[in-house]
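Asks: Can you look at this prediction? I've put the sequence above it.
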Amino acid sequence: MKYLVLFSIIFCNPSSKEIKSFPIQKTDAEWKKVLNEEEFKVLRKKGTERAFTGDLHDKKEKGIYICKACNHKLFSSDTKFDSGTGWPSFFKPIKEENIGKESDFSFGMKRMEVHCANCGGHLGHVFEDGPNPTGLRYCINSVSLKFLTEQK
Ligand SMILES: [Zn+2]
């Protein structure tokens, strides 16, 4: 009986199914050592930076955008466009498998959350009002990204 109870606690805990595993695993304390307060709030706690406050939304140089938390390659400048929203916007990721997606029902809205497939870090959301060729708009927080100038 004791074992049955223990079993139920482990497998029937509703929060346990929300825990997804990613190749890179760190505790909050470990993340706080490598991320500043704003980066931690957005990447680890799914916060959103205020529009037009990030330093990448109007960046037009050629290069790639990598995850601020784990350096995973996420987006290329070739797919970046000016959405006028004040957040860096892309019509597709550098590789589909580098990004994870999950339904997000917070704030009474139905949105699709996007995160780094390597560390689970929150990046932003994807909307279906983007330009050709995909019709998608990946609306990403500047603080979740690090820009690398293209090597010639
Ligand atoms: Zn990452």
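Replies: Structure received. From a predicted model like this one, the values you see are computed outputs, not experimental measurements. Numbers count the residues shown, from 1 in each chain.
Asks: alpha carbons only for contacts and neighbour counts from here, please
Replies: OK.
Asks: Show the contacting residues for the residue nearest the centre of the chain.
Replies: Closest residue to the average C-alpha location of the chain: residue 123 at 2.0 Å, with C-alpha atoms, centre = their mean. Residues in contact with residue 123 (C-alpha atoms under 8 Å, 6 or more residues apart in numbering) are 42, 43, 46, 113, 114, 115, 116, 140, 141, 144, 145.
Asks: where does it land on pLDDT?
Replies: Note on residue 123: pLDDT of 98.
Asks: cool, and residue 115?
Replies: On the pLDDT scale, residue 115 gets 98.
Asks: Could you name the specific helix or strand carrying it?
Replies: In this structure, residue 115 sits in strand 111-116 according to DSSP states H and E.
Asks: so the helix or strand just after that strand versus strand 111-116, what angle?
Replies: The helix or strand immediately downstream of strand 111-116 is strand 122-127, counting by DSSP H and E. Taking axes from the mean of the first three to the mean of the last three C-alpha atoms, to 10 degrees, one finds strand 122-127 and strand 111-116 inclined to each other by 140 degrees.
Asks: Strand 122-127 close to the ion?
Replies: No. If you take C-alpha under 5 Å from the ion as the test, strand 122-127 misses the ion, and the best it gets is 8.3 Å.
Asks: That strand pairs with which strands, parallel or anti?
Replies: Here strand 122-127 has these sheet partners by DSSP bridges: strand 111-116 (antiparallel), strand 137-140 (antiparallel).
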